[in-house]
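Chemist: Curious how this folds, go ahead:
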Amino acid sequence: MVKMKKFLTVISLASLLFCGGVSVKDSLLPVPTVQAKTKYAKAKIKLPARYTKSALLKAYQGKPSAKFIKASMKGMKENTFSRTNASESAKDNRTKINPNKLTKAQLQELTSFSLRLINQARTQLGLPKWVYSSGAQKLAKDIAKEYAANKRGINNGNHYVAGIVRACKKNGLNFDDNYVEDMAGYYEPRTKITMTTMKKNIYFALKQMIFGYTGPNEEAISKKSYYREWEHAGDLFNTQGSPHDGDYDYYGFSISKVGQVYSLHFIGVPHFAVIDPKYNLTFQVHS
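Modeler: Predicted coordinates for the structure are as follows:
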């Protein structure tokens, strides 16, 4: 099979001080004092000047430059939505959701939110935007079902490849490995959280993957030793040293739960595979 993506078993465990979330391995950390006045603003991802495609490619290949690591540290520090009291709206603060039982509208909102952040970063690198796909969204849901049914998740430390392959074949994609999923996750004992908290979980997960940060929370973002994994970023930005660098994906998003651990499934079906009959048997971009 033509090289499309490389997914290592180093998975992001997203957790937030803001909402009291922690990684599976950590004890509960204190929630920072929230300012009296809440600020409303759309979450944004801004890439530092030295975060470039060429620098990312070297990092993806395991040879990050000192300047690129410094840029990644700056990115973790300056993109603050996940660790402040800012939210996107008063409605998000009021709306309580069950991440394991999202309504269609809630899932669509979170899918659009995550895609918006991915595309903000891609645009800054001069890359074409990923495209929302109802077909990819169905695939994302089927992948989440595979994880939940087989009691697999982020806490297992790797992707559930057998389930991903089954879901891909069910949706008409002739893949024999994981070529579609980036995954992050978080621990949450509460059944319901606010939409703001959920968006902060997603924001931190994406920020963590983009900037190669492997810490379980934001307390260690100033420690250089925690910046060491850009395989996820290479996928999110289609920058992996393959013939298909610069391509784009069709996107869907889902959440699964096992115990008190939630896994976030960021699903991207490569455009070049969709138009290749070797890989696309019956997959429909818009189902």
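Chemist: Just the CA coordinates for the host helix or strand of residue 167, please, in CSV.
Modeler: Residue 167 is part of helix 161-170, with elements assigned from DSSP states H and E. Extracted in CSV, the C-alpha atoms of helix 161-170 (Å, rounded to 0.1, in the frame of the first residue of the first chain):
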residue,chain,number,x,y,z
VAL,A,161,-6.5,-1.1,14.7
ALA,A,162,-8.7,-4.2,14.3
GLY,A,163,-11.8,-2.1,15.1
ILE,A,164,-10.7,0.8,12.9
VAL,A,165,-10.1,-1.6,10.0
ARG,A,166,-13.5,-3.2,10.5
ALA,A,167,-15.2,0.2,10.5
CYS,A,168,-13.3,1.3,7.4
LYS,A,169,-14.3,-1.9,5.5
LYS,A,170,-17.9,-1.4,6.7
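Chemist: From the contact counts, what lies against that helix?
Modeler: Contact partners of helix 161-170 among helices and strands, from 3 or more Cβ pairs under 8 Å, 6 or more residues apart in numbering; DSSP states H and E: helix 134-149. Glycine gets a C-beta too; all of them are placed from N, C-alpha and C.
Chemist: State the mean pLDDT of the helix it packs on.
Modeler: For helix 134-149, mean pLDDT is 98.
Chemist: just the strands in the protein please.
Modeler: Taking DSSP state E as the test, the strands found in the chain are 96-97, 131-132, 181-187, 193-194, 249-258, 261-270.
Chemist: okay if I get those strands as TSV plus mean neighbour count and distance to residue 284?
Modeler: TSV is the format used below for the strands of the chain (neighbours: other Cβ atoms under 10 Å; distance: least, Cβ to Cβ, whole Å):
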stretch	mean neighbour count	distance to residue 284
strand 96-97	16	29
strand 131-132	18	13
strand 181-187	25	19
strand 193-194	18	33
strand 249-258	24	10
strand 261-270	25	11
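Chemist: could I get those as a markdown table with distance to residue 44?
Modeler: Output for the strands of the chain, formatted as a markdown table (distance: least, Cβ to Cβ, whole Å):
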| stretch | distance to residue 44 |
| --- | --- |
| strand 96-97 | 22 |
| strand 131-132 | 19 |
| strand 181-187 | 19 |
| strand 193-194 | 20 |
| strand 249-258 | 18 |
| strand 261-270 | 18 |
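Chemist: which one of these lies closest to residue 242?
Modeler: The closest of the strands of the chain to residue 242 is strand 261-270. By Cβ to Cβ, the value is 9.9 Å.
Chemist: and the angle from that closest one to helix 161-170?
Modeler: 50 degrees (axes from the mean of the first three to the mean of the last three Cα atoms, to 10 degrees).
Chemist: change the start of the numbering to 12 and stick with it
Modeler: All set: I'll call the first residue 12, so the last point we hit is now strand 272-281.
Chemist: and strand 272-281, average pLDDT?
Modeler: For strand 272-281, the mean confidence score works out to 98.
Chemist: One more: stretch 52-63?
Modeler: Averaging pLDDT along stretch 52-63 gives 97.
Chemist: Quick check: the gap between the most centrally placed residue in the chain and residue 115.
Modeler: Closest to where the C-alpha atoms of the chain average out (Cα atoms, centre = their mean) is residue 217, at 4.4 Å. Distance of residue 217 to residue 115, given as Cβ to Cβ, to the nearest Å: 22 Å.
Chemist: rewinding a little: determine which of the strands of the chain approaches residue 62 most closely.
Modeler: Closest to residue 62 of these is strand 192-198 (Cβ to Cβ; 17.8 Å).
Chemist: Sweet, I'm off.
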